[in-house]
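A.B. asks: Sharing a model that was predicted from the sequence below.
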Amino acid sequence: MSTSYLSDVPAAARERAKAIRLLALDVDGTLTDGRLRLSSDGNEIKAFCALDGQGLKLLRQVGIEVALITARTSEVVAKRAAELGIKHVYQGAHDKRGSLRALCQILSLEPHQVAYMGDDLPDLVAMSLAGLAVAPANAHPWIKDRVHWNTNSAGGAGAVRELCDMILDAQGKVDELLKAYTAA
């Protein structure tokens, strides 16, 4: 089953998605809308999209690993990762390419088996390593011009789910997942 809302995905990006065994994500601007909200007592507040979380769970369900690689450090990110069962969380990662390389080594993966989604300059080095580089619709233009695909959805508003769905569709997993969720 082809997912019609993904009909504008370039054939080359869809082909790259067939090999993906790891999805690595920046957090601010991809899993969130990129705004940094601080309470009066200095606590960080982030809003996550439930659709994105479900997409990440679906990837894990079919055996695709998920990782978060972010330069910031946040208890909220650790909590959300735990809720989603994401084991690979790199916070305070100022060398995102180095973190991604280390993770590939740990998981015995080649870079062409990795998708990376980011939205700004600190993500470029990791994106250049990944076999599939993707940016959300609201990414900075310099990033959008240097990736294999730009989602229609913005970061924090379903962009990650769109990428998850595209990978699942490219790998022919959609029918299998739909059957699991519609079986009584």
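C.D. replies: Cool, the structure landed.
A.B. asks: Which elements pack onto the top strand by length along the chain?
C.D. replies: In terms of residue count, the longest strand belonging to the chain (DSSP state E) is strand 65-70. Packing contacts for strand 65-70, counted by 3 or more CB pairs under 8 Å, 6 or more residues apart in numbering; DSSP states H and E, involve strand 22-25, helix 50-61, helix 75-84, strand 88-91, helix 96-107. Backbone N, C-alpha and C define where each C-beta goes, glycine included.
A.B. asks: run the last query once more with 10 Å
C.D. replies: Secondary-structure packing of strand 65-70 (3 or more CB pairs under 10 Å, 6 or more residues apart in numbering; DSSP states H and E): strand 22-25, helix 50-61, helix 75-84, strand 88-91, helix 96-107, strand 114-117.
A.B. asks: Kindly compare burial across these and name the winner.
C.D. replies: strand 114-117 (a mean of 29; mean count of other CB atoms under 10 Å).
A.B. asks: And that strand, what does it pack against?
C.D. replies: With contacts defined as 3+ CB pairs under 10 Å, 6+ apart, the packing partners of strand 114-117 are helix 11-17, strand 22-25, strand 65-70, helix 96-107, helix 124-129, strand 132-135, helix 159-170.
A.B. asks: As TSV, the ones you listed with distance to Val77 and mean pLDDT would be great.
C.D. replies: Below are these laid out as TSV (distance: least, CB to CB, whole Å; pLDDT from 0 to 100):
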stretch	distance to Val77	mean pLDDT
helix 11-17	25	96
strand 22-25	11	98
strand 65-70	6	97
helix 96-107	14	97
helix 124-129	17	96
strand 132-135	20	98
helix 159-170	14	97
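A.B. asks: need these in TSV with distance to Trp142, can you?
C.D. replies: What follows is the helices and strands packed on strand 114-117, written out as TSV (distance: least, CB to CB, whole Å):
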stretch	distance to Trp142
helix 11-17	19
strand 22-25	19
strand 65-70	19
helix 96-107	16
helix 124-129	8
strand 132-135	10
helix 159-170	17
